[in-house]
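Q: coordinates only, sequence not included:
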């Protein structure tokens, strides 16, 4: 019985040592993509008052352009300080318990979920990269997929069609 307890104790310590010696995988997920993750949040919750329309813009804050969002405001605060969420007014405001400072304001009925707040925090931590909407960028050439029947396609679109047919095990 005592021998068995000693073995269990030794096994337990061995597992603990091995576990501590193996580097832990990164628990922080990849930074949010601006167009996929961040722009929809800003558009739905912030752009009405802090977007492109200067007739309704409040506090002189424009969040749809990086230069404007990272510039010092009249209040001397900076809405977004890239890589420093703790210094970013946006983060302070979205997590505020004071209803007078909370953004979006409670009267707007557009409260941010904890998940959306975390996405914004992670985005700012990652440097707050902005990206133009894909439709406003130059088209990118995509390489043609590899196909088994290279003599079948007559134009570039045929390569994509044939690749999908081959993946499904269907003849052209």
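A: Structure received. These figures come from a predicted structure and were not determined experimentally. Numbering: from 1, shown residues only.
Q: wait, residue 162 sits on residue 149?
A: Yes - in this structure, residue 162 is within contact of residue 149 by Cβ atoms under 8 Å, at 6.4 Å. Just so you know, the C-beta spots here come from the backbone N, C-alpha and C atoms, and that holds for glycine as well.
Q: Residues that sit against both of those two, list them.
A: residue 172 (Cβ atoms under 8 Å, 6 or more residues apart in numbering).
Q: what's the pLDDT at the residue nearest the centre of the chain?
A: Central residue of the chain (Cα atoms, centre = their mean): residue 32, 1.2 Å from the mean position. Looking at residue 32, its pLDDT is 97.
Q: Identify the residues contacting it.
A: Counting by Cβ under 8 Å, 6+ apart, residue 32 touches 38, 119, 122, 123, 126.
Q: can you put those residues in a markdown table and add neighbour count and pLDDT?
A: What follows is the contacts of residue 32, written out as a markdown table (neighbours: other Cβ atoms under 10 Å; pLDDT from 0 to 100):
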| residue | neighbour count | pLDDT |
| --- | --- | --- |
| 38 | 24 | 98 |
| 119 | 20 | 98 |
| 122 | 17 | 98 |
| 123 | 24 | 98 |
| 126 | 17 | 98 |
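Q: Show only the entries of those residues found in helices.
A: 119, 122, 123 (DSSP state H).
Q: Closest one of those residues to residue 82?
A: Of all the ones in helices among the contacts of residue 32, residue 82 sits closest to residue 123, with 9.6 Å by Cβ to Cβ.
Q: ok now do that closest one, which residues does it touch?
A: 31, 32, 34, 37, 38, 129.
Q: please redo it, this time with the cut-off set to 6 Å
A: 32, 38 (Cβ atoms under 6 Å, 6 or more residues apart in numbering).
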